[in-house]
Every structure is written in C-alpha cells, then in structure tokens.
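**Student:** After the sequence you'll find the predicted model.
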Amino acid sequence: MRLFTVLPRGVLAAALLALAVAAAAQTPPAGAPPKGPPAQAAQPPNVLPSQPSQPLKVLRYAFPIAETGFDPAYITDLYSRTVASAMFDAPLEFEFLAKPARMRPNTAAEMPEVSADFRSFTFRIRPGIYFADDPAFGGKKRELTAADYIYSLKRHYDP
C-alpha cells in the first residue's frame, strides 16, 4: 500500500509557491487593525467553555468492533486489552528508546531486589500514587499498595 505519491520537483515547487502566495494574500499589512470580533483567550482543546478549569475525562478510540469488558482477568480480545492497557499501570515498564531495551520503574520506587537464587523479587511501591475517589473506596482516594498487585496476580490464576 502506498501512502504518498511522488511528484516531479517542478510540480512540488509550484504547489509550495502557490501556498505561500495564498498565505501572504490573507495576511493583513503591518499596523492594520484586525478584522472581525476581538480575539478571545484560546481554550485548551479538552476544556468546556462553561467549565474553564475542568478538563474533560473522556477517552475516544475507534474500533471496528465493540470491546467485551475491562476486567483484566477476563479479557480475551485485542480491543478490550488495548483500552485496559491505558487504564492499569504495572510496577515496571519498558524503556523503549533505550538500546538495548530495558525495564524502568513505573509505579515501583526502584528496580526490584532479586534474590541470589533468582526465585524472589521484592518490589517497593512508590508512595503518593492514588486510585481515583470512588464509592468502592468510601468516596475517598486510596493509596496504591503492594497488596493491590498481589490481589491482581492472584485473580489471574483464580478469577
């Protein structure tokens, strides 16, 4: 599949020149008063005008079919896993631009301590990471703990 068409140099140069001329024709001369109503302060694209300090918390993602759920222990399709990967954080993440690729702490405070026999890994969770306030937590924020990761791992083995 070809994503672009190769144009001869003359055609490309003529197109760029036409764009430059069109842009120059729309630019008012220096010192000329601006046309139209006075400019308003630009709002960030994810903020409603009626709520200037509250960003929208909406994720829009187009899929060819619907997702089936967001419970990591029961996800079996690609689309649900794609959304879930943006919702949940692992203790470690890949540092993709590093050569060779390596892991770095995400919610972990540092890289895990590894036992001499490589059978035990000790993770320390970075303090100050909170779940969103939710009725499940009594309407208050709750701090992330190692027990949350233990519960998640156990659910995968016995959902």
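**Tutor:** Perfect, thanks for sending it. Numbering: from 1, shown residues only.

**Student:** how far does stretch 136-143 stretch from start to finish?
**Tutor:** Terminal residues of stretch 136-143 lie 13 Å apart, using CA to CA, to the nearest Å.

**Student:** Check which element follows the worst-scoring helix or strand of the chain on mean pLDDT along the chain.
**Tutor:** Between all helices and strands in the chain, the lowest mean by mean pLDDT, DSSP states H and E belongs to helix 9-26, at a mean of 49. Toward the C-terminus, helix 9-26 is succeeded by helix 78-87 as the next helix or strand (DSSP states H and E).

**Student:** For that next one, which outside residues touch it?
**Tutor:** L59, Y61, F63, I65, A66, E67, T68, G69, F70, P72, I75 (CB atoms under 8 Å, 6 or more residues apart in numbering). In this view, the C-beta of every residue, glycine as well, is placed from N, C-alpha and C.

**Student:** which of those sit farthest apart?
**Tutor:** I65 and P72 (19.4 Å; CB to CB).

**Student:** Which one's more surrounded, the two?
**Tutor:** When I65 and P72 are compared for neighbours, P72 comes out ahead with 16 against 8, by other CB atoms under 10 Å.

**Student:** Understood, closing this out.
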